[in-house]
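Q: Dropping a prediction and its sequence here:
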Amino acid sequence: MADSDAALVRRAAGGSEAAFRLLYRRHARPVYWIAHGLLRSPADAEDVTQETFVVAWRKLGGFELAGDSLLPWLATICRFQAANRLRALRRARADELDDRAPDGVDIEQQVIDADLADRILRAVGDLSELDQRIFRLCVGEGFAYQAAADELGVAHGVVRNRLSRIRTRLRTAVTEEAS
């Protein structure tokens with residue numbers, strides 16, 4: 001008859017590597033599938049499975065099995081290890097994106113873009129208060145015409161027509177100023 005998890009846990013907690021190997025063989029596959037379900041990557045699931053059993057081995061000395069199976073405890077460790085892995089992967093992805101500075105940054109284009117933005121802001125500053133609010137809501141904050149109309153307490157057509165005139169006016173002002 002096979003040893004129960006409780007008996008194997010007692011022996012492994014006492015330092016028996018053979019007992020821990022039996023626990024590993026018994027529970028590695030379900031722990032792997034839990035990790036795989038959380039991470040969706042076979043390689044990461046293998047790593048998390050190994051990390052789960054390393055943590056279990058270190059903590060086994062102070063652990064008392066509450067039921068008949070060690071799996072619920074291993075599943076909890078696995079979920080924590082998977083969460084740690086996901087956080088590390090997100091950080092690595094974010095760091096990778098930060099490190100991808102464009103090669104040969106075009107300083108001249110940055111100056112032109114900044115100058116254009118300044119001209120647009122000056123032209124917007126010359127608009128009426130209502131037109132500035134329409135521009136800010138629709139262009140700056142991405143409001144739909146009706147949402148901007150509701151926010152401002154005006155009709156949908158007012159927002160649509162004024163925004164069309166605002167855009168024309170800004171294009172003209174920016175183009176004239178550039179000349």
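A: On my side now, so go ahead. Numbering: from 1, shown residues only.
Q: Can you mark which positions in the longest helix along the chain are buried?
A: Longest helix in the chain, counting residues (DSSP state H): helix 71-99. Residues of helix 71-99 classed as buried by neighbour count (16 or more other C-beta atoms under 10 Å): 71, 73, 74, 75, 77, 78, 81, 82, 85. (C-beta placed from N, C-alpha, C; glycine too.)
Q: Closest one of those to residue 21?
A: residue 74 (14.4 Å; C-beta to C-beta).
Q: That closest one and residue 27 touch, don't they?
A: Yes - the criterion here is C-beta atoms under 8 Å, and residue 74 meets it with residue 27 at 5.4 Å.
Q: Low-confidence ranges, this structure, go.
A: Applying pLDDT under 70 to the chain flags the ranges 1, 98-106, 108-113, 177-179.
Q: count of residues packed around residue 56?
A: Look at residue 56: counted by other C-beta atoms under 10 Å, it has 22 neighbours.
Q: how about it, secondary structure?
A: Of the three states, residue 56 takes helix according to DSSP: H, G, I helix; E, B strand; the rest coil.
Q: correct me, but it touches residue 77?
A: Yes - using C-beta under 8 Å, residue 56 is in contact with residue 77, at 5.9 Å.
Q: got the contact list for residue 149?
A: If a contact means C-beta atoms under 8 Å, 6 or more residues apart in numbering, then residue 149 has 155, 156, 158, 159 as its contacts.
Q: again with residue 160
A: By C-beta under 8 Å, 6+ apart, the neighbours of residue 160 are residue 145.
Q: May I have the phi/psi pair for residue 68?
A: phi -90, psi -20 (degrees, to the nearest 10).
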